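Undergrad: One predicted model, sequence on top.
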Amino acid sequence: MSYPLLYQINTRCWLKDLSAHQKRPVTLATVPDAEFASWQKSGFTHIWLMGVWTTGAQARKIALEHPDLRRDYDAVLPGWQDADVAGSPYSIADYSVPQTLGGDEELKKFRAKLNQSGIKLILDFVPNHLGLDHPWVTAQPELFVQSPQLEDGTFAVPASAGPRWIAHGKDPCFAPWTDVAQLDYRRVATRTAMRQLLVSLAAKCDGVRCDMAMLLLNEVFAKTWAHFPTDAPTLANEFWPDAIREAKQAQPGFIFMAEVYWGLEGRLQELGFDFTYDKALYDDLIERHHAEAQRKLLTHPPDYVARSIHFLENHDEPRVAAKLSLAENCAAALAILGLPGMRFLHEGQLTGARIKLPVQLSRRPVEPVQAEVKVAYEKLLASLKQSVVGQGRGEILAPRPAWDGNPTHQNFIAVQWQANGPTFDLVVVNLAWHASQCYVPLSIAGLAERHWTLRDLLRDQRYERVGSDLAQQGLYLDLPGSGAQIFRFTPQA
């Protein structure tokens, strides 16, 4: 099996940056060949173009006037202009590409060129809500959560029989999002319309990242909107299984990614998602809960880990370079890249960007490249391309104490990878800031019958080990703080 390596790009800002660099307008059909070559060199298998869909005038107006957002713009982009504010890409007025980015025809050309490079395209699907400017809001208001009167969290839309009051979309833990309208998944018509929309999107890309996918679960939805009752009959079935099945029937091999929290990841995997966010691992790595990160990886079912999305940052989270030191950043990066599952890197992460940009902006500040970060990630990705990490069978191993009373074995992440033949690779990371020691038991057939040469692909250092010793006690490791290695084990003749 081959596991995806995903790269997220802020499409609007990226194209604006390319235009400035090229000194000409760059749209999806005129992206320079060097971009595709760079993605290939890094080993990316999927590109997520975040924010390609049309945002409407009402959403942009809200983004321009919201005082908290204006303070954010001031902080990250001093001297910003109104033209720099495009509105939230998650307030979708239409699932079409605006002409400023190249339009739908240029998206087709971009995807074709990407596929020719051996890379697949991921786009956004925002199932919970639509932008205030979407035509369904006025043409089909019955698809949305409604109130009999105007109240907090609602807005009025005209209708032939008098105004209707529609709820703004929300996450039950936060205030409503005032630039979107909440779809009502208690209604058959809404589910049918959204399944049809999803099938149409499946023809435009190779997979979708589903925003806040857990909000559609029957239990979650019912609790969130209990104060906005409906006269629709209760639906026993969940939305996702039918929607995923229909999209995959229309486009075999289509990938479904779920942004999901609250411990509901396994539930969405059961309902058909190929991959779900691993926010728990993210939190443990960023908060330096190293033993807890190891414990969870070892106690989760292997299939759960293999269907998880491992990341250190995305557009919703702070930049990892602003949270971890360079050494910690590199160690944590190898930890997520060395696991079975979808490995996920974010634009700017590879060059040490530190500014978390509001998604409403279409221009970002120019940040200096952190040379040490850039070199470290280039070395890491190049070394992984030499390995079988992400291919074949990956197994998370349980390190043992190096001696009684030494708890530092809990700081290690160790993953063994084997594809074809006796050769295999081992990813090992010491997440702690200090030196740690352990024995890593290996589970390779015929391990004891051979002598082995170990080459560290990150440093091109070589070691010799006796197979019977490895089989009996495991591989002894004594790594410095944030130490990381990728070992290629080759049997000696």
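TA: Yep, it's here.
Undergrad: Quick one: residues contacting the one residue sitting closest to the centre of the chain.
TA: Compute the mean C-alpha point of the chain, and by C-alpha atoms, centre = their mean the closest residue is Phe344, 5.3 Å away. Phe344 makes contact with 6, 8, 309-311, 314, 336, according to C-beta atoms under 8 Å, 6 or more residues apart in numbering. Quick note: C-beta positions are derived from backbone N, CA and C, even for glycine.
Undergrad: From Ala112, how far out is it?
TA: Computed with C-beta to C-beta, to the nearest Å, the distance linking Phe344 and Ala112 is 24 Å.
Undergrad: Equivalent analysis for Ser308, please.
TA: Where Ala112 is concerned, Ser308 sits at a distance of 30 Å (C-beta to C-beta).
Undergrad: More neighbours: which of the two?
TA: The neighbour comparison of Ser308 against Ala112 (other C-beta atoms under 10 Å) goes to Ser308, with 26 against 12.
Undergrad: List phi and psi for that one.
TA: Note on Ser308: backbone dihedrals following degrees, to the nearest 10 are phi -100, psi 160.
Undergrad: any low-confidence regions in the chain?
TA: Per-residue confidence of the chain (counting by pLDDT under 70) places the weak regions at 160-162.
Undergrad: Got the domain ranges for it?
TA: Residue ranges for the structural domains of the chain, counted by automatic domain parsing, are given in the record as 5-140+186-386, 393-491.
Undergrad: Dump these into a markdown table; add distance to Pro176 as well.
TA: As requested, those are exported to a markdown table (distance: least, C-beta to C-beta, whole Å):
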| stretch | distance to Pro176 |
| --- | --- |
| domain 5-140+186-386 | 10 |
| domain 393-491 | 39 |
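Undergrad: before we move on, back to that, which one of the contacts of Phe344 is nearest Ser325?
TA: Ranked by distance to Ser325 (C-beta to C-beta), the contacts of Phe344 are led by Ile336 at 16.6 Å.
Undergrad: what's the closest non-adjacent residue to that closest one?
TA: For Ile336, ignoring the flanking residues on the chain, the nearest one in space by C-beta to C-beta, 6 or more residues apart in numbering is His310 at 3.8 Å.
Undergrad: for the closest residue to Leu324 other than its chain neighbours, what are its contacts?
TA: Once flanking residues are discounted, Leu324 sits nearest to Ala332: 6.3 Å by C-beta to C-beta, 6+ apart. With contacts defined as C-beta under 8 Å, 6+ apart, the neighbours of Ala332 are 285-286, 312, 320, 324, 429, 431.
Undergrad: what's the distance between the residue nearest to the centre of the chain and Leu312?
TA: In this structure, Phe344 lies at 8 Å from Leu312, with C-beta to C-beta as the measure.
Undergrad: Now the common contact residues for these two.
TA: Ile336.
Undergrad: coming back round to it: let's verify the residue nearest to Leu324: helix, strand, or coil?
TA: Secondary structure, DSSP: H, G, I helix; E, B strand; the rest coil: Ala332 is helix.
Undergrad: Kindly check the end-to-end length of stretch 246-264 for me.
TA: Distance between the boundary residues of stretch 246-264 (C-alpha to C-alpha, to the nearest Å) amounts to 23 Å.
Undergrad: Give me the residues contacting that stretch.
TA: 4, 46, 120, 122, 195, 198-199, 201-203, 206-214, 217, 220, 244, 265, 268, 272-277, 279, 309, 342.
Undergrad: What of stretch 65-85?
TA: By C-beta under 8 Å, 6+ apart, stretch 65-85 touches 60, 63-64, 355-358, 360-365.
Undergrad: Likewise for stretch 18-27?
TA: Residues outside stretch 18-27 that contact it (C-beta under 8 Å, 6+ apart) are 15, 31-32, 35, 100-102, 106.
Undergrad: Tell me the buried residues in that stretch?
TA: Of the residues in stretch 18-27, 18, 26-27 count as buried by neighbour count, 16 or more other C-beta atoms under 10 Å.
Undergrad: Kindly report the same for stretch 193-203.
TA: 194-195, 197-199, 201-202.
Undergrad: coming back round to it: most neighbours, which of the contacts of Phe344?
TA: In terms of neighbour count, Ile309 stands highest of the contacts of Phe344 at 27 neighbours, by other C-beta under 10 Å.
Undergrad: That one - nearest residue in space that isn't next to it in sequence?
TA: Taking C-beta to C-beta, 6+ apart as the measure, Ile309 lies nearest to Met342, with 4.5 Å between them; neighbours along the chain are not counted.
Undergrad: Roughly how far does that neighbour sit from Asn314?
TA: In this structure, Met342 and Asn314 are 12 Å apart, going by C-beta to C-beta.
Undergrad: so where do the strands sit in the stretch 351-493 of the chain?
TA: All strands of the stretch 351-493 of the chain, identified by DSSP state E, counting those that start in this stretch, fall at 393-397, 412-418, 424-430, 436-440, 451-456, 461-466, 475-479, 484-491.
Undergrad: Present those as CSV; the columns should include mean neighbour count and distance to Leu69.
TA: Output for those, formatted as CSV (neighbours: other C-beta atoms under 10 Å; distance: least, C-beta to C-beta, whole Å):
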stretch, mean neighbour count, distance to Leu69
strand 393-397, 18, 41
strand 412-418, 24, 38
strand 424-430, 26, 38
strand 436-440, 22, 43
strand 451-456, 17, 47
strand 461-466, 12, 50
strand 475-479, 18, 44
strand 484-491, 22, 39
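Undergrad: Out of those strands, which gets nearest to Val373?
TA: Using C-beta to C-beta as the criterion, the shortest distance between Val373 and these is 14.5 Å, found for strand 484-491.
Undergrad: Tell me which residues of stretch 300-320 come out buried.
TA: Buried positions in stretch 300-320, judged by neighbour count with 16+ other C-beta under 10 Å: 300, 304-315, 317, 319-320.
Undergrad: Those residues in helices, which ones?
TA: When the buried residues of stretch 300-320 are checked against helices (DSSP state H), the matches are 304-306.
Undergrad: quick one: contacts for the closest residue to Pro135 other than its chain neighbours?
TA: When the adjacent residues along the chain are set aside, Pro135 lies closest to Asp94, with 7.6 Å between them (C-beta to C-beta, 6+ apart). With C-beta under 8 Å, 6+ apart as the criterion, the residues that contact Asp94 are 53-54, 56, 133-135.
Undergrad: let's go with 7 Å and repeat that
TA: By C-beta atoms under 7 Å, 6 or more residues apart in numbering, the contact set of Asp94 is 53-54, 134.
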